[in-house]
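Asks: structure of the sequence below:
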Amino acid sequence: MRVWIIFVLCLAGHAMAAPTEEEPVTEEPVYEAEEELVTDDAVFEEPEVGVNPVQVEVGEFDEAIEVVEEEEVVENPCLNHHCKKGKVCEVDEDNTPMCVCQDPTSCAAAEGEFEHVCGTDNKTYDTSCHFFATKCALEGTKKGHKLHLDYIGPCKYIEPCLDTELSEFPMRMRDWLKNVLVTLYERDEDNNLLTEKQKLRVKKIYENEKRLQAGEHSLDLLAHDFEKNYNMYIFPVHWQFGQLDQHPVDGYLTHTELAPLRAPLIPMEHCTTRFFEECDADSDKYIALEEWASCFGLKLQDVDKDLVI
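Replies: Take a look at the predicted model:
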């Protein structure tokens, strides 16, 4: 800083010595003080340098600093480029974003057993990231086509589902779906869990005095409630179908679209897999809305696509 002060004083001295047509300033000490203040202000107002005195003195680094700032403002083409699970975005030679299979070794290690997943190949994967990266590498192969995420948690023995157990499964599922919607309605303070139309429909269920409260109920009670309060279950069944029918929204559920519901259920409900397999009545690998509703015991005349939307 002393260097700059000396430099400023020298400039001031040259300016004072130079000839001028203006009237001389009579109060020279005051003039010098004002010149110093003006000159100091000029230093601090330099737009290209900044206010950091260290940066001012080390001017050779200014260019490098500016280059870094320019690189930061360059938009990454991958920021708005979405890749499906198992793939990551990279740019080619033309800086064009593209999706490539993720290397499984780049996936973060599981923090606990709860992050393990079981594939339909009966193999436990460390995390879902490892699973989808592996599946991506098998794209185009018969093995890759058949490989799906089966359920959450390490692979284990799943007991066979008996016919009597299969008939009980939709009773619990219907009640569970109804309770899920009621819970969302109670917690939807910011209007981001349910749409206004959905809230109006759930409100009728929520305020109905005949509604069976959440809890552990016998199968007889669940069957009786479904018979007596049938209308309460129509919307929850349609709502769940709409939640799953997303990729794409076409009125059919694929194995992949079912995964968010199947994967957490299988370890707790051993009839889950058989239930969804038999929902596909025509065995075309897709579950239509009519097939879905029938699985949950709804009457054909009560199937309404508008309830899904």
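Asks: in stretch 95-109, what counts as buried?
Replies: Across stretch 95-109, burial judged by 16 or more other Cβ atoms under 10 Å covers Pro97, Cys99, Cys101, Gln102, Pro104, Cys107. Where C-beta positions appear, they are placed from N, C-alpha and C, glycine not excepted.
Asks: which ones among those residues lie within strands?
Replies: Pro97, Cys99, Cys101 (DSSP state E).
Asks: just to check, the first one is in contact with Lys87?
Replies: Which is Pro97. No: using Cβ atoms under 8 Å as the test, Pro97 is too far from Lys87 to be in contact (11.4 Å).
Asks: ok, so of the ones in strands among the buried residues of stretch 95-109, who is nearest Tyr230?
Replies: Among these, Cys99 lies closest to Tyr230 (Cβ to Cβ), at 46.2 Å.
Asks: who does that closest one form a beta bridge with?
Replies: Taking DSSP bridges as the rule, Cys99 bridges to Cys89.
Asks: where does Glu257 fall, secondary structure wise?
Replies: helix 255-265 (DSSP states H and E).
Asks: ok, the closest residue to Leu261 other than its chain neighbours - contacts?
Replies: Sequence neighbours aside, Leu244 is the residue nearest to Leu261 in space, at 6.1 Å (criterion: Cβ to Cβ, 6 or more residues apart in numbering). Contacts for Leu244 (Cβ atoms under 8 Å, 6 or more residues apart in numbering) come out as Leu253, Glu257, Leu258, Pro260, Leu261.
Asks: show me which of those residues are buried.
Replies: Buried, going by 16+ other Cβ under 10 Å: Leu253, Glu257, Leu258, Leu261, out of those.
Asks: of those, closest to Lys146?
Replies: Of the buried ones among the contacts of Leu244, the one sitting nearest to Lys146 (Cβ to Cβ) turns out to be Leu258, at 15.6 Å.
Asks: what would the buried residues of stretch 95-109 look like in a markdown table with distance to Asp190 and pLDDT?
Replies: Formatted as a markdown table, these follow (distance: Cβ to Cβ, whole Å; pLDDT from 0 to 100):
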| residue | distance to Asp190 | pLDDT |
| --- | --- | --- |
| Pro97 | 33 | 92 |
| Cys99 | 33 | 95 |
| Cys101 | 38 | 96 |
| Gln102 | 34 | 95 |
| Pro104 | 38 | 94 |
| Cys107 | 33 | 96 |
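Asks: nearest to Asp304 among those?
Replies: Cys99 (37.4 Å).
Asks: contacts only, for that closest one.
Replies: His81, Cys83, Lys84, Lys87, Val88, Cys89, Glu90.
Asks: hmm, Pro104 and the fifth one touching each other?
Replies: Right, Val88. No: if you go by Cβ under 8 Å, Val88 and Pro104 don't touch, sitting 11.6 Å apart.
Asks: can you point out the buried residues in stretch 208-224?
Replies: Arg211, Leu212, His217, Leu222, Ala223.
Asks: got the ones in strands among the buried residues of stretch 95-109 as a markdown table, with distance to Pro248 columns?
Replies: Formatted as a markdown table, those follow (distance: Cβ to Cβ, whole Å):
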| residue | distance to Pro248 |
| --- | --- |
| Pro97 | 22 |
| Cys99 | 18 |
| Cys101 | 22 |
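Asks: flag the shaky bits of the chain, pLDDT-wise.
Replies: Segments of the chain classed as low confidence (criterion: pLDDT under 70) are 1-74, 309.
Asks: could I get the full set of helices for it?
Replies: Taking DSSP state H as the test, the helices found in the chain are 2-17, 28-44, 53-57, 62-73, 128-137, 142-146, 163-187, 196-206, 219-228, 231-244, 255-265, 272-279, 289-295, 305-308.
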